[in-house]
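[1] Sequence first, predicted coordinates after that:
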Amino acid sequence: MTIQEFKSKLDIPLIVSPMFLVSSVQLITESCKQGIAAVYPSLNARTTDDFEKTIFEINQGLEKAKEHTNKVPAPFGVNIIVNKNNQRTQADLAICKKYQVPFVVTSLGSAKEIVDEVHQYGGLVFHDVIKKRHAEKAAESGVDGIIVVCVGAGGHAGTANPFALISEIKKFYKGAIILAGSINKGNDILAAQNMGADFAYMGTRMIATDESLASKEYKQLLIESSIEDIVYTNQVTGVYANYIKKTLINNDIDFHSTNTLSAEKLSETKHKSWKNIWSAGHGVTDIHSILKVKDLIQQIKIEYKKQLIKNNEILKQLKF
């Protein structure tokens with residue numbers, strides 16, 4: 001599959017990002033049924049056997065949807081953590097190969113070992129980056145797309161301005177660019193395209209849906225939060241990420257510290273991470289309700305189309 005073929009399978013250029021302990025089979029399948037690509041994190045399944053059952057279930061759900069609607073759902077992908085701490089990288093990759101998962105997203109390490117394996121069966125590989133040097137390594141490994149995770153993204157995010165980082169990466173990389181960071185509305189997707197991205201990557205907004213695995217309290221906290229309630233800290237997992245301040249306070253995390261966590265402290269905080277300490281990006285500012293995935297995506301499509309019409313009106317007003 002080429003990037004153009006991938007894009008042609010989507011109603012709008014949007015990908016739902018993988019969310020640890022939040023992405024469900026239902027969230028993935030419903031997104032794809034609505035014409036939006038979605039990514040499942042392999043580690044949401046407790047074992048590789050469970051992961052295989054999940055992939056089978058997703059495939060089955062999408063096949064049934066195709067039979068009932070005569071519409072081919074958008075492709076789904078799998079996120080694989082590729083650093084040395086993930087003991088399941090190769091086993092989970094083998095499942096992706098077995099079921100020919102349309103695309104694989106690699107995070108927190110080198111995509112080099114994954115690329116050839118996925119390309120063998122015709123799949124695509126996208127890689128997360130927060131800095132230019134990460135993007136250079138990803139480009140060298142032959143990935144099909146680079147996910148540019150900018151300031152304000154939920155989870156493991158960067159600090160770079162999206163205009164600047166996308167421009168920097170496009171100087172040396174000719175593949176697809178996927179922008180992550182506070183993507184909430186249809187006009188955000190169009191803005192991402194206008195600054196040079198091919199696709200937008202949405203996470204935080206999808207947490208506040210009926211199909212996500214997040215607790216009612218988590219979803220409600222997203223509605224109540226604003227930008228000031230999001231904290232960027234390395235005091236939870238040792239890697240900088242954005243979290244909801246209230247959950248850091250409730251778990252006695254000193255988020256003002258910038259010290260490297262000791263092994264003892266890391267062990268103490270890691271078991272709380274993601275389960276009791278909840279992640280979110282700056283996009284919380286635009287979350288006002290909990291919706292079904294179907295309704296949210298329909299709303300986003302309408303916003304996208306309205307913004308296209310508005311852009312055309314702006315074009316007509318130009319004096320040159």
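    Everything's here; your move.
[2] Hmm, P13 and Q193 touching each other?
    Yes - if you go by Cβ atoms under 8 Å, Q193 and P13 touch, sitting 6.6 Å apart. Backbone N, C-alpha and C define where each C-beta goes, glycine included.
[3] tell me, what's touching those two both at once?
    Common contact partners of Q193 and P13 (Cβ atoms under 8 Å, 6 or more residues apart in numbering): A200.
[4] who has more neighbours, the two?
    P13 (21 against 17; other Cβ atoms under 10 Å).
[5] which non-adjacent residue is nearest that one?
    F199 (4.5 Å; Cβ to Cβ, 6 or more residues apart in numbering).
[6] just K84 next, same as before
    Closest to K84 by Cβ to Cβ, 6+ apart is G109, at 7.4 Å.
[7] Surely that neighbour forms part of a strand?
    No - counting by DSSP: H, G, I helix; E, B strand; the rest coil, G109 falls outside a strand, being coil.
[8] can you pull out the helices in the stretch 201-320 of the chain?
    Under the criterion DSSP state H, counting those that start in this stretch, the stretch 201-320 of the chain contains helices at 204-207, 216-224, 245-250, 263-270, 293-317.
[9] Tell me which of the ones you listed sits most buried.
    Of all the helices of the stretch 201-320 of the chain, helix 204-207 carries the top mean neighbour count, a mean of 26, counting by mean count of other Cβ atoms under 10 Å.
[10] give the contact list for the closest residue to P75 other than its chain neighbours.
    Of all residues not flanking P75 in the chain, P102 sits nearest, at 3.7 Å (Cβ to Cβ, 6+ apart). When contacts are counted by Cβ under 8 Å, 6+ apart, P102 touches 1, 6, 75-77, 123-124.
[11] Could you report the distance from P102 to T48?
    If you measure P102 against T48 using Cβ to Cβ, to the nearest Å, the figure is 20 Å.
[12] likewise K275?
    For K275, the distance to T48 - Cβ to Cβ - is 21 Å.
[13] Quick check: phi and psi at Q100.
    The phi/psi pair for Q100 (degrees, to the nearest 10) reads phi 50, psi 60.
[14] my guess is it meets G122, correct?
    Yes - using Cβ under 8 Å, Q100 is in contact with G122, at 7.2 Å.
[15] before we move on, back to that, give me the pLDDT for the residue nearest to P13.
    Here the pLDDT value assigned to F199 is 99.
[16] Bridged to it, which residues?
    I178 (DSSP bridges).
[17] what about E52, neighbour count?
    As a measure of burial, E52 has 18 neighbours, counting by other Cβ under 10 Å.
[18] That one: which element?
    helix 48-69 (DSSP states H and E).
[19] what helices or strands is that helix leaning on?
    helix 25-33, strand 37-41, strand 76-81, helix 89-99 (3 or more Cβ pairs under 8 Å, 6 or more residues apart in numbering; DSSP states H and E).
[20] how does it look with 7 Å?
    If contacts are counted by 3 or more Cβ pairs under 7 Å, 6 or more residues apart in numbering; DSSP states H and E, helix 48-69 sits against helix 25-33, helix 89-99.
[21] Report all helices and strands that the shortest one contacts.
    Okay, so that is helix 25-33. Partner elements for helix 25-33 (3+ Cβ pairs under 7 Å, 6+ apart): strand 37-41, helix 48-69, helix 293-317.
[22] ok, 6 Å please
    Secondary-structure packing of helix 25-33 (3 or more Cβ pairs under 6 Å, 6 or more residues apart in numbering; DSSP states H and E): strand 37-41, helix 48-69.
[23] quick one: it to helix 48-69, angle?
    Helix 25-33 and helix 48-69 are oriented at 40 degrees to each other (axes from the mean of the first three to the mean of the last three Cα atoms, to 10 degrees).
[24] Brilliant, that's me finished.
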